[in-house]
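S.K.: sharing a model prediction with you, sequence too.
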Amino acid sequence: MAEHTYRVLVRGRFADLTDDQRASLKQRLAGFDFLRDAGFTEEGALAYDEKLDFFSYRVILTAADKPDEAGLRRASTALDELGVDFKGLKAKVTDMDEMKINRPKRLG
């Protein structure tokens with residue numbers, strides 16, 4: 001199977017956060033700009049708001065198969081590195097090589 005480029009969006013919820021974990025996550029938000037820092041990247045980007053309830057993780061992967069599982073592993077690793085618990089991870093995959101691009105029709 002040929003390798004394709006995928007955009008993987010993983011969503012989930014934080015679970016059982018302690019006060020120290022909440023403080024640490026809120027501190028990370030201080031310099032965070034959603035438009036600049038929360039896009040799809042090869043490194044992966046974790047985004048959440050002040051409520052510390054839901055989060056999303058966006059990553060670009062090049063893989064032969066199972067990009068959803070790879071995206072879930074990458075999101076789990078990023079959350080483990082922060083030392084927080086989570087639940088309900090779900091991945092949505094878009095194959096960028098299979099996307100149809102609608103070009104505007106020329107007038108005249």
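M.R.: Alright, I've got the coordinates.
S.K.: wait, is residue 22 part of a helix?
M.R.: Yes: assessed by DSSP: H, G, I helix; E, B strand; the rest coil, residue 22 belongs to a helix.
S.K.: my read is that it contacts residue 51, right?
M.R.: No: with contact taken as C-beta atoms under 8 Å, residue 22 and residue 51 are classed as non-touching, separated by 10.4 Å. Yep, even glycine has a C-beta here, placed from its N, CA and C like the rest.
S.K.: the more surrounded of those two?
M.R.: Between residue 22 and residue 51, counting by other C-beta atoms under 10 Å, residue 22 is the more crowded of the two (14 against 7).
S.K.: how far away is that one from residue 99?
M.R.: Residue 22 sits 38 Å away from residue 99, going by C-beta to C-beta, to the nearest Å.
S.K.: do residue 88 as well
M.R.: 27 Å.
S.K.: quick one: buried residues of stretch 92-108?
M.R.: Residues residue 93 are the ones in stretch 92-108 that count as buried (16 or more other C-beta atoms under 10 Å).
S.K.: let me redo that: stretch 73-87
M.R.: Here stretch 73-87 shows 74, 75, 78, 79, 84, 86 as buried, counting by 16+ other C-beta under 10 Å.
S.K.: measure the second one to residue 45 for me?
M.R.: Distance of residue 75 to residue 45, computed by C-beta to C-beta: 10 Å.
S.K.: and for the first one?
M.R.: The spacing between residue 74 and residue 45, counted by C-beta to C-beta, is 11 Å.
S.K.: residues shared between the contacts of these two?
M.R.: 57, 59 (C-beta atoms under 8 Å, 6 or more residues apart in numbering).
S.K.: shaky segments in this protein?
M.R.: Scanning the chain for pLDDT under 70 picks out the ranges 1, 34-35, 37, 64, 107-108.
S.K.: for it, which segments count as strands?
M.R.: For the chain, the strands defined by DSSP state E cover 4-15, 45-48, 54-63, 85-95.
S.K.: distance check, the spatially most central residue of the chain against residue 32.
M.R.: In the chain, the residue lying closest to the centroid (C-alpha atoms, centre = their mean) is residue 57, at 1.7 Å. Residue 57 sits 14 Å away from residue 32, taking C-beta to C-beta as the criterion.
S.K.: that concludes my questions; thank you for your assistance.
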